[in-house]
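[1] Model the following, please.
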Amino acid sequence: MKTIPFSWLNKHKYLWFMLVSFCGSVFVNFFVQLFSDAFSVQDFCHDIFFMWGFLYPVGFVTYKAAEKANRKESEKDIFLSWLEKHQYLFFMICSLFMSFCLGVIVQYGDDGPYTFKSYLDGVFLLWGFLYPGCFIIYEGAKKAGEKEEE
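    Predicted structure coming up:
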């Protein structure tokens, strides 16, 4: 299997972010439309472009994973903790779990009928907002840890 050289990926990283997020949006919305009552091309296209921006962090995560794989191991990399090595994966899983939990709360408080499609729409929408929150929490904890060490 031929792989993309990292120099090309680094040169075209913003194009990579857009393509990965667009493909992810198409996949997610196709999955959501499978569980809906009626398929509508207009709703499908609207949802794709609506969620495209929310899935932009997925492209960023794939780029960072390729960057880490390309980088040569230094002494500092050997002594990093598990969380620092896998922080982007942790952010994705943690934010997805929080969005599933908050999706239940949002559906419970909604006056409309409960459908699996509306639940998935809420979950993926919340995921886009909660993912950056994990970065903010991580950076705050990292700064607090650095202050404690001094």
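
[2] Packing partners of the helix ranked longest in the chain?
    Looking across the chain with DSSP state H, the single longest helix is helix 116-149. On a contact count with 3 or more CB pairs under 8 Å, 6 or more residues apart in numbering; DSSP states H and E, helix 116-149 meets helix 13-34, helix 41-52, helix 56-70, helix 87-109. No exception for glycine: its C-beta is placed from N, CA and C like everyone else's.

[3] One more pass at 10 Å, please.
    In terms of contacts (3 or more CB pairs under 10 Å, 6 or more residues apart in numbering; DSSP states H and E), helix 116-149 is packed against helix 13-34, helix 41-52, helix 56-70, helix 82-85, helix 87-109.

[4] Who are the contact partners of the residue lying closest to residue 132 once chain neighbours are set aside?
    Using CB to CB, 6 or more residues apart in numbering and skipping residues adjacent in sequence, the residue nearest residue 132 is residue 57, 7.2 Å away. Contact partners of residue 57, counting by CB atoms under 10 Å, 6 or more residues apart in numbering, are 17, 20-21, 24, 88, 91-92, 95, 127-128, 131-132, 134-135.

[5] From those residues, list the buried ones, please.
    Buried members of the contacts of residue 57, scored by 16 or more other CB atoms under 10 Å, are 17, 20, 21, 24, 88, 91, 92, 95, 127, 128, 131, 134.

[6] Please name whichever of the helices and strands packed on helix 116-149 is nearest to residue 6.
    Closest to residue 6 of the helices and strands packed on helix 116-149, according to CB to CB: helix 56-70, at 4.2 Å.

[7] and that closest one, what's its mean pLDDT?
    What helix 56-70 shows for mean pLDDT is 76.

[8] Equivalent analysis for stretch 108-122, please.
    Across stretch 108-122, the average pLDDT comes to 76.
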